[in-house]
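S.K.: Sequence first, predicted coordinates after that:
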Amino acid sequence: MYDDELAQERSYVHGLYSRLDELRAEKVEQLGEVRRAKSMGTHQNRSERDAFATLYENRLAQLNAVDDKLVFGRLDLDDGQCRYIGRIGLLSEDLRQLMVDWRAPEAGTFYQATAFERLGVRRRRHLLLQGRNVKAIEDDVLDHTMLVEGDQLQGEGALLAALNSKRTGRMNDIVGTIQAEQDRIIRSPLSGALVVQGGPGTGKTAVALHRAAYLLYTHRERLQAAGVLLVGPSNAFMKYIERVLPSLGETGVVMSSVGNLFPGVRATAPESPETAELKGRLRMAEVVANAVANRQRLPREDVRLDVEGTRLILTVRQVRRARDKARALGVPHNEGRVTFVKTLLRELTEQLREHIESAGAGNNADRSYLAEDVRSSHDVRVMLNLCWMPMTAEKLIDDMFSKPEILEAVTPGFTPAERELLLRSPGARWSESDVPLLDEAAELLGEMDATGGRAQASVESQRKRDLANAEKAIDNMNQQLEDSGVDGILTAEQLADFNIVEAASQTSAERALTDRSWAYGHVVIDEAQELSPMQWRLLVRRCPVKSFTIVGDIAQTSSSSGAMSWRDALTPFMGERWTMEELTVNYRTPMQIAEAAVRMANAAGQIVSAPKAVRDGDWEPIIDRVPAADVVKHVVAMMPKETAAVGGGLVAVITPAAMVREVTAALRVVYGTRIGHGAGSLEQDIVVIDPHEAKGLEFDGVIIVEPATLLSDAKGRVGDLYVSMTRPTQRLRLVTSQPLPAGIEA
Ligand SMILES: Nc1ncnc2c1ncn2[C@@H]1O[C@H](COP(=O)(O)OP(=O)(O)OP(=O)(O)O)[C@@H](O)[C@H]1O
C-alpha cells in the first residue's frame, strides 16, 4: 500500500519537475530573443525590451532557485480535491493548477488544519524529497474515516527529520514544516507593528524570513515598489540566513546588518559597552543637532576681507542676520548654506561697489564683475566657510568625536567622564553605534550638492515613475492605517518624494540599498532586543508608514544599550500602537540543555520565557573543570570527541571575546584549515566565535570556554551566556577554571 502511494507520488512529482524544466527552457528562449533584438528599434522599443529582459531574468532566477524540495505537501480535501503545495505556483500548459504556492490562501490549511479543526482537510501529506525523487511520504490523517485497518503510513516525522538533520552553517527554510503558531504570525496583516517574542530556538528568525516572503507575495502590488528591508545583528548572521529567501523564490528583499545601514559605511570597529550605551541614548539626537548648529558660526568680531586690494568689512550683525534668514527656511544645513552665502555675497558686492564709486571710479562699475571678484576672493571664501561650512555626515561626526573643544561645545550636561568615553582619534573606524549618529547627521545636513545643479529633468521623470509606484503602494495602506488608528498618514507624493533617485535602471532593491532616505513599505528586524534607542530612531525613519515585524527575545539582550522590555523600547516611537505574539516551542535545543540555560538565567535573577523543547537530547550538558593554565589545551584535546559525537556535524567554540585569538591559534596548530575564526567562516566544521557573533546562529555541538567570564564580561547580564548555551542542536560542553554560575554549578 505504502509502496503504491509512494510510486504514485513519485510519478506526480516527476511531472512537476518536467513542467519546471519546460518553463525554464521557455524563459531561456524568451530571454535569448529579447537579447538578440536588444540593440534595434527606437529608444522606447529598447527600454521596453530592457523591461522584458529584467522580467525574464527574474523569473528564471526564481525557477532556478526553487529546484531543491520544489514540492513538499499535498492536501486531500472534503470535496474530493487534491492540492499539491510547493515553493511556487505551477500551472500546466492548459492552465490547470499543478501546484499551489505555499503563501497562497488555498495553501494556508496545510499549516493550520488539526484533527480538532480540520478546516475541510481530510489528509495532510508531507513529501520528503531527495534530489528530485520522493524518498518518503508521511501522512496526518485528520478525517479518521479515511483510515482503513493496516493502512497507517510509515515515515519519520517530517518535522523531526528536519530538526535532527546536521547543521551546515547555513540556515534552511522551514517551508515544508511550518507549525500552526508560526503560520499565524507569518500570515498576519501587513500594517502596524507586530512584535514576535520567543525564547531561543522557537523559530523567530525562520518566521521573520518566511513572513518577508509571504508579505511580498501577498502584497506584491504594494510592496514591490517600496521594497522590504530585513535587518539582522551582524554580517555573520546575514551570511547565515542569506540563502533562505532565494530558496523561497524571493530575491527582492533588501538585507542589511545594523552596521551597514548607512550607505557607504561598513561599521565593524569594536567598542566598549559603556561607549555604545552612551551613543545609543536618545539624547545623542540633540548632540548631533548641536554639532550641526555649531557649524553655523558667528565671527567673534567684525572682520576685514581683502577683495582685489579693497578692504571690505563683514560685521557680526550681518552674519547673524544671514544665518537667521537661512535657518528660518527650515531646510538641511547644506541647502541652507546656499541662502546664507548668497545673502552675504550680495551684501559684500554692494559694499565693494560703494567703495569703488566713492573712490571716484564713477558709477559705472559692472556689478557682475564685482560679484565675481567677491566670490573668488580667498578671504571671502575662507570666511564664509568658517561661518557655514558645507559638511558630510562623516566629517561632522568624526570632528565631533575627535576635537575636544567641539565635543565639549555640543554636549552640554555631559560629565567629563562621559565625554572621555566619546573622545577618539581622528579618522577612527566606524562602530555600529556610530551608524545612527551618521544617519541623524545626514538627515540634518542634507545633500552636499544641494544647489539644484542636478539634471532637473531626469529627477522629474523619475519622480513621475516613483509617484506611480507609490500610488499603488499607498492604496489601501492608508485605509489600513486608519483602521489600526495610526496617524501621520502619507500621500503618494510624500512617499514618492522619499524615493526619488536618479538611477532608473536599477531594481528597487538595488536603489534602496544605496539610498539613505529610501522609504520601505515594510521592515523586518531580527534580534531586535539588541537595538539602542538611536538605532530604533533610524529604523523608524526608514519606514514612515510604520509597518514592522519586530522579532526577538528580551531575555537574550546582551548589548548594553539593548531593551529591557518591549514597551520601553517601542513606546518612544510607536506609542501603544503595536501588538505582540509569542512563540512557545523550542525546535533547536534538546530539553536537558534548554533547561540548564533557563536554570542559569533564573538563578541570575532574569525571568526568561522558557519554551517547551520538542526534543530530548542524548546528553546532559558536560562540565569540565580544569586549572586556568590548561583551559585552552583542554579544548584542543576534547575536539576529536566532540566532532565524533556529532558525527561530522558543526562544532562551535564560544569564548570570551578576549580569548578568541588564542583559542583559534591553538586549534589551528592541530586542525589547520578546518578551523574557522570569526564572522563569515561558517563553512569550516569547527568555528571559534564570541557570544556576540554567535547570536542567532546554531551548531550541532557547542563548547563554551570560561562561562563565568561571559557573565562577568557582561557585568552580570545573562544575555551572552544564555545565548551561548542555547546554540547547540545536540551537545553542550562547558570548560571552566572558575566556579560555575549558579543554576549550572552542579
Ligand atoms: N517549523 C519548523 N520546522 C522545522 N524546523 C524549524 C521549525 N521552526 C524552527 N525550526 C528550526 O529551529 C531552529 C531554530 O530556529 P530559529 O533560528 O529561527 O530560532 P530563533 O527563535 O530565531 O532562535 P534564537 O533566538 O535562539 O536565535 C532552526 O534550525 C530552524 O530551522
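M.R.: Structure received. Source: prediction; values computed, not measured.

S.K.: The ligand contacts on the stretch 151-300 of the chain?
M.R.: With Cβ under 6 Å from any ligand atom as the criterion, the stretch 151-300 of the chain comes near the ligand at residues 159, 162-163, 172, 174, 177-179, 182, 198, 200-206. No exception for glycine: its C-beta is placed from N, CA and C like everyone else's.

S.K.: Filter those down to just the ones in strands.
M.R.: residue 198 (DSSP state E).

S.K.: Tell me the span between the first and last residue of stretch 386-396.
M.R.: Using Cα to Cα, to the nearest Å, the end-to-end distance of stretch 386-396 comes to 14 Å.

S.K.: average model confidence for that stretch?
M.R.: For stretch 386-396, the mean pLDDT works out to 94.

S.K.: picking up where we left off before, any of the residues of the stretch 151-300 of the chain next to the ligand buried? List them.
M.R.: When these are checked for burial by 16 or more other Cβ atoms under 10 Å, the buried set is 159, 162-163, 172, 174, 177-179, 182, 198, 200-206.

S.K.: for the stretch 401-550 of the chain, what spans make up the helices?
M.R.: 404-410, 416-422, 435-445, 456-474, 477-483, 492-498, 508-514, 533-542 (DSSP state H, counting those that start in this stretch).

S.K.: Could you tell me the least trusted of these?
M.R.: Averaging pLDDT over each of these singles out helix 477-483 as the lowest, with a mean of 45.

S.K.: The stretch 51-200 of the chain: helices as residue ranges?
M.R.: Secondary structure of the stretch 51-200 of the chain (DSSP H, counting those that start in this stretch): helices at 108-112, 158-164, 180-186.

S.K.: JSON lines for those helices, including mean pLDDT?
M.R.: Formatted as JSON lines, the helices of the stretch 51-200 of the chain follow (pLDDT from 0 to 100):
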{"stretch": "helix 108-112", "mean pLDDT": "90"}
{"stretch": "helix 158-164", "mean pLDDT": "76"}
{"stretch": "helix 180-186", "mean pLDDT": "91"}
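
S.K.: Tell me, how many residues neighbour residue 599?
M.R.: The number of residues packed near residue 599 is 17, by other Cβ atoms under 10 Å.

S.K.: and whichever residue of the stretch 251-400 of the chain sits closest to the ligand, how many neighbours?
M.R.: Taking Cβ to the nearest ligand atom, the ligand has its nearest neighbour within the stretch 251-400 of the chain at residue 257, 14.8 Å off. Neighbourhood size, residue 257 [other Cβ under 10 Å]: 22.

S.K.: what do you get for residue 14?
M.R.: Residue 14 has 13 neighbours, counted by other Cβ under 10 Å.

S.K.: Identify the residue nearest it in space, chain neighbours excluded?
M.R.: Once flanking residues are discounted, residue 14 sits nearest to residue 132: 7.4 Å by Cβ to Cβ, 6 or more residues apart in numbering.

S.K.: interface residues of the stretch 501-650 of the chain facing the ligand?
M.R.: So far as Cβ under 6 Å from any ligand atom goes, the stretch 501-650 of the chain lies against the ligand at 553, 556, 587, 588.

S.K.: So for the third one, what's the pLDDT?
M.R.: According to the predicted model, the pLDDT of residue 587 comes to 91.

S.K.: Which of the residues of the stretch 501-650 of the chain next to the ligand fall in strands?
M.R.: Per DSSP E, those never map to strands.

S.K.: could you dump the residues you listed to TSV with neighbour count?
M.R.: What follows is those, written out as TSV (neighbours: other Cβ atoms under 10 Å):
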residue	neighbour count
553	25
556	24
587	24
588	24
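
S.K.: Tell me how far the closest residue to residue 248 other than its chain neighbours lies from residue 200.
M.R.: The shortest distance from residue 248 to any non-neighbouring residue, by Cβ to Cβ, 6+ apart, is to residue 213 (4.2 Å). From residue 213 across to residue 200, the span is 23 Å (Cβ to Cβ, to the nearest Å).

S.K.: Strands along the stretch 501-650 of the chain, start to end?
M.R.: Ranges of strands in the stretch 501-650 of the chain, per DSSP state E, counting those that start in this stretch, are 522-525, 548-552, 578-583, 585-586, 612-613, 622-625.

S.K.: that older thread, as JSON lines, the helices of the stretch 51-200 of the chain with distance to residue 52 would be great.
M.R.: Formatted as JSON lines, the helices of the stretch 51-200 of the chain follow (distance: least, Cβ to Cβ, whole Å):
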{"stretch": "helix 108-112", "distance to residue 52": "33"}
{"stretch": "helix 158-164", "distance to residue 52": "39"}
{"stretch": "helix 180-186", "distance to residue 52": "32"}
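
S.K.: Can you pull out the low-pLDDT segments for this structure?
M.R.: Within the chain, the segments meeting pLDDT under 70 span 38-44, 46, 147-157, 360-365, 449-510, 677-683, 746.

S.K.: My reading is that residue 354 lies in a strand. Confirm?
M.R.: No: Residue 354 sits outside any strand when classified using DSSP: H, G, I helix; E, B strand; the rest coil, being helix.

S.K.: Look up how far residue 347 lies from it.
M.R.: With Cβ to Cβ as the criterion, residue 354 and residue 347 are 11 Å apart.

S.K.: Looking at the two, which is more packed in?
M.R.: When residue 354 and residue 347 are compared on other Cβ under 10 Å, the one with more neighbours turns out to be residue 347, at 18 against 12.

S.K.: re the thing from before, quick check: which of the helices of the stretch 51-200 of the chain is nearest to residue 229?
M.R.: helix 180-186 (17.6 Å; Cβ to Cβ).

S.K.: can you pull the buried residues of the closest one?
M.R.: Within helix 180-186, the residues scored as buried using 16+ other Cβ under 10 Å are 181, 182, 183, 185, 186.

S.K.: so who does the last one touch?
M.R.: Applying Cβ atoms under 8 Å, 6 or more residues apart in numbering, one finds that residue 186 lies in contact with 178, 207, 210, 211, 214.

S.K.: for those residues, which one is nearest residue 266?
M.R.: residue 211 (26.9 Å).

S.K.: Which helix or strand contains the closest one?
M.R.: Assigned by DSSP states H and E, residue 211 belongs to helix 204-218.

S.K.: ok, the residue positioned nearest the centre of the chain - contacts?
M.R.: Geometric centre of the chain, nearest residue: residue 231, 1.1 Å, by Cα atoms, centre = their mean. Taking Cβ under 8 Å, 6+ apart, we find residue 231 in contact with 255, 256, 257, 258, 261, 523, 524, 525, 526, 539.

S.K.: ok and the residue in the stretch 351-500 of the chain nearest the ligand?
M.R.: Counting by Cβ to the nearest ligand atom, the stretch 351-500 of the chain gets nearest the ligand through residue 432, at 18.4 Å.

S.K.: Would you confirm that that residue contacts residue 267?
M.R.: Yes: Residue 432 is in contact with residue 267 according to Cβ atoms under 8 Å; the separation is 5.0 Å.

S.K.: who touches both of those two?
M.R.: By Cβ under 8 Å, 6+ apart, residue 432 and residue 267 have these common neighbours: residue 259.

S.K.: Neighbour count: these two, which is higher?
M.R.: Neighbour tally, residue 432 and residue 267, criterion other Cβ under 10 Å: the higher count belongs to residue 432, 26 against 19.

S.K.: any idea how the chain splits into domains?
M.R.: Listed domain ranges for the chain are 1-154, 187-262+516-585, 273-445, 591-736 (source: the TED database).

S.K.: Just the endpoints, please. Distance across the last one?
M.R.: The reference is to domain 591-736. Start-to-end span of domain 591-736 (Cα to Cα) is 22 Å.

S.K.: what about it, distance to the chain center?
M.R.: Relative to the centre of its chain, domain 591-736 is centred 25 Å away, using Cα atoms, centre = their mean, to the nearest Å.

S.K.: anything in stretch 135-147 sitting right up against the ligand?
M.R.: No: judged by Cβ under 6 Å from any ligand atom, stretch 135-147 and the ligand are separated, with a smallest distance of 13.4 Å.

S.K.: Does residue 259 touch residue 434 like I think?
M.R.: No: contact status for residue 259 versus residue 434: not in contact, 9.1 Å apart, counting by Cβ under 8 Å.
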